[in-house]
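Asks: give me coordinates for this.
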Amino acid sequence: MNTFSRPSRRKLLKLTGAAALAASAPLVPGASLAGDGIAGKRRHGLSVFGDLKYGPDFTHFDYVNPDAPKGGRFIFQAPYWYYNQNSLTYNTFNAFILKGDAPPRMELCFDTLMVRAYDEPDAMYGLLAETVEVSEDGNTYTFNLRPEARFHDGSKLTADDVAFSLMLLKGDGHPQISQNIQELLDAEILDEYRVALHFSGKQSRQLPLLIAALPIFSKRYYTAYDFSQSTLTAPLSSGAYKVGKHAVGRFVEYHRVEDYWGNDLPVLRGQKNFDVVRVDFYRDLQISFEAFKKGEMTYREEFRSKTWATEYTFPAAEDKRVIKKNFPDGRPSGAQGWFINTRLEKFKDPRVRRALSYAFDFEWSNKNLFFNLYQRTQSFFENSEMKATGLPTPEELTLLEPFRDQVSESVFEEAYIQPVSNGSGFDRGLLREASQLFSDAGYQRQGTELVGPDGNPLTIEFLNNSPAFERVLNPYIKNLERLGIKATFRLVDAAQYQSRLNDYDFDICSRRYSLNPTLSEAIRTSWGSAAANTPGTYNIAGISDPVVDALIDKALEADTRAEMNVAARSLDRVLRSGHYWVPQWFKPVHNVAVWDIFGHPDITPPYFFPVEDLWWIDQEKAEKLGKAG
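Replies: The predicted structure is shown next:
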């Protein structure tokens, strides 16, 4: 066996069980853990900052119904912003590489070493791994696998599969995976059910948790099939579901595996209740709404305010066969907006990018288009304690002062707030301010055109794959035209849209980022310089700033949640001062409409909304509506 004795450059991720939580002392670089009972000890859970709600003998999560009945079908359309996957069609079942478009929810088919608890900010508990051990220097995590784990063909899932999968994802996985796990040096097979993951010493505290949530593949299967290629052959997997019936461009079904090896584990009790989870594909939101009205889909999360406010007047809604519900969303809403491609010369100047935001009249849009259902997004960490507000605190200034000569002076002022209009849709004052910013950046008005320092008129194409945004963009485009900018809305099909985003071939596009309450390596692929020119990352704006990189490091190196929040607020100030986007809107609730055939737990977990996992069919209700099948 190989031995590793690398000095740790970061403080060790704290591993605690309920019995050890109170006794565990803060960990410091180089500290011996032998005395505090953590190093080398088998643990049932991981947490970045050492807090675990559930002890080693817990029987189920508090937010589930442990006696939920199994059966029935859950039919929905995935939201248009569904992660990096295409919610309008698909052409592959390989969801973990850049090539091709995979359908949403392929993750249902794959087991992971550990799973999240959705009522804790970052805690994870063992699925494939019954326990985990950590070395004294914090650079080796040893996972002890459950020997009962099986793939769907009955073959064993072993340490060999785990080691193979993680190194495969590091080498050939989607950039949003591979770029984030480079500090994983190797995976060492200790015996059939024991695997050690060795890290470089440069890893963040969150990285072991991120890796524990990655899918585990069959080595035998992917030795026979090329992982780097897209394919419509359903893969061999080990999860609670497997790919069932499907028709490309129309639907895909995930069928529950009745003899799934993990059915009785505490981390899954009361979950995975539907026999079939079906994703239907529609290229138009109105067409999908008509399908829902007819009962062809049974669940719909509504993202169009006009529809939510005015269109639930059809017979099934009026007689309460279809009901509307609001569920709280405690997650950071993250960042949703029109992101500006700063790789293009015309968008290099932050004054140009800032000027673009003056033409979007959110107040008019919220009143006339959104029925006042939304709030304006201001922060990259909206709806969370990581959002910067007011003047920098002394703790934030400690982080920001070393970069005073590298950032805008506005970073040290009140956190940047988007301009507030008079709600008229044509705020002359804001447009004058935008014109001044363009003038300061070297633009001149020549007739009806705004001409840049290079002598070329400024043109902008808004790229999207959903016609739903057109009604919002048209008033925005009209204001841009008043400034002399030729702006257009370009609607492309789903495949072309994803391809152009992967290659950063656009001017401005709409995107929503979701964040966990504990920051992970994923923020590097959203805002880090290394991701700016790596195809397929979340850094669609092309942010490449050494100060941003340094503050990302500070946030990921934080020893406490309070320190992480301070670093995030500092990072937020710098990002907002860069004007990389025109922020859109958010709401801290899920607007959900359902055919009234479901049961669901009384408790909605604050940090995720996994309806497919936690709800079930209420047989009596389903029979009453004729949907028992």
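
Asks: pLDDT at the residue nearest in space to the middle of the chain, what is it?
Replies: By CA atoms, centre = their mean, the chain has its centre lying nearest to S514, at 4.0 Å. Note for S514: predicted pLDDT of 79.

Asks: same deal with R445?
Replies: R445 is assigned 97 on the pLDDT scale.

Asks: SS state for it?
Replies: Under the three-state scheme (DSSP: H, G, I helix; E, B strand; the rest coil), R445 adopts strand.

Asks: neighbours of it, how many?
Replies: 13 (other CB atoms under 10 Å). Every residue, glycine included, has its C-beta placed from N, CA and C.

Asks: is it bridged to anything, and to what?
Replies: R445 has these beta-bridge partners by DSSP bridges: L450.

Asks: sorry, back to before: which residues are in contact with the residue nearest to the centre of the chain?
Replies: Taking CB atoms under 8 Å, 6 or more residues apart in numbering as the contact definition, S514 lies against R331, P332, S333, G334.

Asks: select only the buried ones of those in ChimeraX?
Replies: Of the contacts of S514, the buried ones go into a single ChimeraX selection, burial set by 16 or more other CB atoms under 10 Å:
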select :331,332,333,334
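
Asks: how about the strands in the stretch 1-150 of the chain?
Replies: 45-46, 73-76, 114-116, 124-126, 129-134, 140-145 (DSSP state E, counting those that start in this stretch).

Asks: mind putting these into TSV with distance to P535, mean pLDDT and mean neighbour count?
Replies: Converted to TSV, those look like this (distance: least, CB to CB, whole Å; pLDDT from 0 to 100; neighbours: other CB atoms under 10 Å):
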stretch	distance to P535	mean pLDDT	mean neighbour count
strand 45-46	32	96	26
strand 73-76	30	96	21
strand 114-116	29	97	23
strand 124-126	30	98	25
strand 129-134	33	97	21
strand 140-145	30	98	22
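
Asks: tabulate those strands in a markdown table, adding columns for distance to P453.
Replies: Listed next are the strands of the stretch 1-150 of the chain as a markdown table, based on distance: least, CB to CB, whole Å:
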| stretch | distance to P453 |
| --- | --- |
| strand 45-46 | 53 |
| strand 73-76 | 50 |
| strand 114-116 | 50 |
| strand 124-126 | 52 |
| strand 129-134 | 56 |
| strand 140-145 | 53 |
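
Asks: out of these, the one nearest I485 is which?
Replies: Proximity to I485 (CB to CB) singles out strand 73-76 among these, at 38.8 Å.

Asks: what packs against the closest one?
Replies: Contact analysis of strand 73-76 by 3 or more CB pairs under 8 Å, 6 or more residues apart in numbering; DSSP states H and E lists strand 276-280, strand 299-301, helix 611-614 as its packing neighbours.

Asks: which outside residues touch the last one?
Replies: Spelled out, that is helix 611-614. With CB under 8 Å, 6+ apart as the test, helix 611-614 has contacts from 63-65, 68, 74, 76, 105, 108, 270-274, 277, 299, 592, 600-601, 605.

Asks: apply 6 Å and report the result again.
Replies: Helix 611-614 is contacted from outside by V64, F74, Q271, V277, P601, using CB atoms under 6 Å, 6 or more residues apart in numbering.

Asks: same question for stretch 178-189.
Replies: For stretch 178-189, contacts defined as CB under 6 Å, 6+ apart pick out 2, 159-160, 163, 166-167, 170, 195-200, 202-203, 211, 521, 525.

Asks: how long is it end to end?
Replies: Using CA to CA, to the nearest Å, the span of stretch 178-189 from its first residue to its last is 21 Å.

Asks: same question for stretch 197-205.
Replies: With CA to CA as the measure, stretch 197-205 spans 14 Å from end to end.

Asks: pick the one among the contacts of helix 611-614 closest to I417.
Replies: P601 (37.9 Å).

Asks: save the contacts of helix 611-614 as a markdown table, and put in distance to P147 too.
Replies: Output for the contacts of helix 611-614, formatted as a markdown table (distance: CB to CB, whole Å):
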| residue | distance to P147 |
| --- | --- |
| V64 | 26 |
| F74 | 32 |
| Q271 | 22 |
| V277 | 28 |
| P601 | 31 |
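
Asks: where does the chain dip in pLDDT?
Replies: Low-confidence segments of the chain, defined by pLDDT under 70: 1-39, 79-87, 629.

Asks: one more time with 50
Replies: Along the chain, segments meeting pLDDT under 50 span 1-37, 81-85.

Asks: just give me the longest helix of it.
Replies: Counting residues, the longest helix in the chain under DSSP state H turns out to be helix 561-578.

Asks: contacts for it, please.
Replies: Applying CB under 6 Å, 6+ apart, the external contacts of helix 561-578 come out as 49, 350, 379-381, 385-386, 388, 395-396, 399-400, 407-408, 410-411, 415-416, 547-548, 551, 554-555, 558.

Asks: recalculate using a threshold of 7 Å.
Replies: With CB atoms under 7 Å, 6 or more residues apart in numbering as the test, helix 561-578 has contacts from 49, 350, 379-381, 385-388, 392, 395-396, 399-400, 407-408, 410-411, 415-416, 519, 527, 543, 545, 547-548, 551-552, 554-555, 558.
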